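**Student:** got a predicted structure plus its sequence, pasted below:
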Amino acid sequence: MPRAGAPILALVAVTAIWGYTFVPVQKAVGAYPLFAFLAVRFAISGIALAPFAWAPLRSLPRSGWLAGLLAGGFLAAAYGFQTAGLDLTTVSSTGFITGLYVVFTPILALALFRTPVPAAAWGGVALALVGLALISGMPNGSVVGNVLVLANAVAQSCQIVAMERFAPRYDARALTFLQMGIACATFVVIAVAAGQVEAPDDAQTWYALVVTGVFAGALGYLVATWVQSRTTAARAALVRRMGSSRWCVGAQGVGSGRLMGSLP
């Protein structure tokens with residue numbers, strides 16, 4: 001197997017895990033408050049990563065801590081904006097607008113870090129947009145909700161671009177742990193403010209929490225961080241969209257304002 005193709009295949013495998021989580025998450029958040037779910041889910045991710053991240057964190061320079069905290073802030077913002085927007089706009093609009101991170105990512109990478117974007121990548125972006133439009137339809141619904149979902153797409157792009165910049169420089173375990181920690185802290189604050197302070201009390205919810213916390217969260221983002229030390233942000237965005245596009249199809253028949261959108 002060509003060495004350059006291994007990271008892409010690893011990310012494809014991760015998108016399969018993210019795709020699988022759609023159904024258990026959908027069922028869990030129907031019975032358990034969403035922001036509480038996110039807080040506990042990212043707490044589980046941090047706990048799962050802690051034994052492996054402890055040593056790298058101790059040797060991580062200050063710039064590495066700042067990089068992880070910045071990427072974690074973008075990750076938390078993406079989840080928060082998408083959740084808020086989905087409560088105000090339609091599911092199809094959320095699916096289409098969220099998919100625009102495929103467009104924003106290469107533009108931001110080029111503008112901020114002068115990362116070259118091959119013609120083939122731009123072709124993939126164009127095809128992804130056409131596919132999104134065919135699956136989801138063009139945006140409609142609440143203007144405010146659409147703007148919030150658009151902010152989510154920008155935040156996702158910023159997180160991917162940040163990882164392209166920082167992943168080659170710092171330990172993937174430490175960066176991933178910091179991202180999970182910032183996301184957890186953010187959603188703990190939101191859950192408390194929203195009055196969503198309660199423990200899961202059924203096996204179905206705990207199953208979804210463990211699957212998303214350990215596999216989609218800790219393992220998934222660890223692999224994604226490792227991959228982004230070996231490929232470009234544009235390619236990573238396109239591959240991640242392959243996994244998240246399954247949401248657009250599934251969500252059409254669900255129509256719930258409590259879903260997780262395309263974020264794993």
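**Tutor:** In hand now; what should we look at?

**Student:** which strand or helix spans the nearest residue to Val197 once chain neighbours are set aside?
**Tutor:** Excluding its sequence neighbours, the residue lying closest to Val197 (CB to CB, 6 or more residues apart in numbering) is Ala191, at 6.3 Å. Backbone N, C-alpha and C define where each C-beta goes, glycine included. Ala191 is part of helix 172-193, with elements assigned from DSSP states H and E.

**Student:** hmm, back to that, list the contacts for the residue nearest to Val197?
**Tutor:** The contact partners of Ala191, by CB atoms under 8 Å, 6 or more residues apart in numbering, come to 33, 35-36, 38-39, 197.

**Student:** and those, which two are the farthest apart?
**Tutor:** Greatest spatial distance among those (CB to CB): Leu38 and Val197, at 13.2 Å.

**Student:** circling back to that earlier point, quick check: the residue nearest to Val197 vs Gln156, distance?
**Tutor:** Distance, Ala191 to Gln156, by CB to CB, to the nearest Å: 22 Å.

**Student:** now swap in Ile47 and tell me
**Tutor:** Here the criterion is CB to CB. By it, Ile47 lies 25 Å from Gln156.

**Student:** mind checking which of the two has more residues around it?
**Tutor:** Between Ile47 and Gln156, counted using other CB atoms under 10 Å, Gln156 has the larger neighbour count: 30 against 14.

**Student:** out of the contacts of Ala191, who has the most neighbours?
**Tutor:** Busiest of the contacts of Ala191 [other CB under 10 Å] is Leu38, holding 27 neighbours.

**Student:** now that residue: phi and psi?
**Tutor:** phi -60, psi -40 (degrees, to the nearest 10).

**Student:** tell me the SS of Val149?
**Tutor:** What DSSP: H, G, I helix; E, B strand; the rest coil gives for Val149 is helix.

**Student:** what sits against it?
**Tutor:** Contacts here follow CB under 8 Å, 6+ apart; on that basis Val149 touches 81-82, 85-86, 89, 93-94, 97-98, 261.

**Student:** helices of this structure, residue ranges please.
**Tutor:** Per DSSP state H, the chain carries helices over the ranges 5-20, 22-29, 34-59, 62-86, 91-98, 101-113, 119-136, 143-166, 172-193, 203-210, 220-228, 233-252.

**Student:** and Pro168, how many neighbours?
**Tutor:** 11.

**Student:** for it, which non-adjacent residue is spatially closest?
**Tutor:** Ser229 (4.3 Å).

**Student:** the one you found and Arg173 touch, don't they?
**Tutor:** No. With contact defined as CB atoms under 8 Å, Ser229 does not reach Arg173; the gap is 12.0 Å.

**Student:** tell me which of these two has more neighbours.
**Tutor:** Each of Ser229 and Arg173 had its neighbours counted (other CB under 10 Å), and the higher figure belongs to Arg173 (22 against 17).

**Student:** got a list of what the nearest residue to that one once chain neighbours are set aside touches?
**Tutor:** Spatial nearest neighbour of Arg173, chain neighbours left out: Ala53 (4.4 Å); criterion: CB to CB, 6+ apart. Listed by CB under 8 Å, 6+ apart, the contact partners of Ala53 are 171, 173-174, 176-177.

**Student:** mind running it again at 6 Å?
**Tutor:** Ala53 makes contacts with 173-174, 177, as judged by CB atoms under 6 Å, 6 or more residues apart in numbering.
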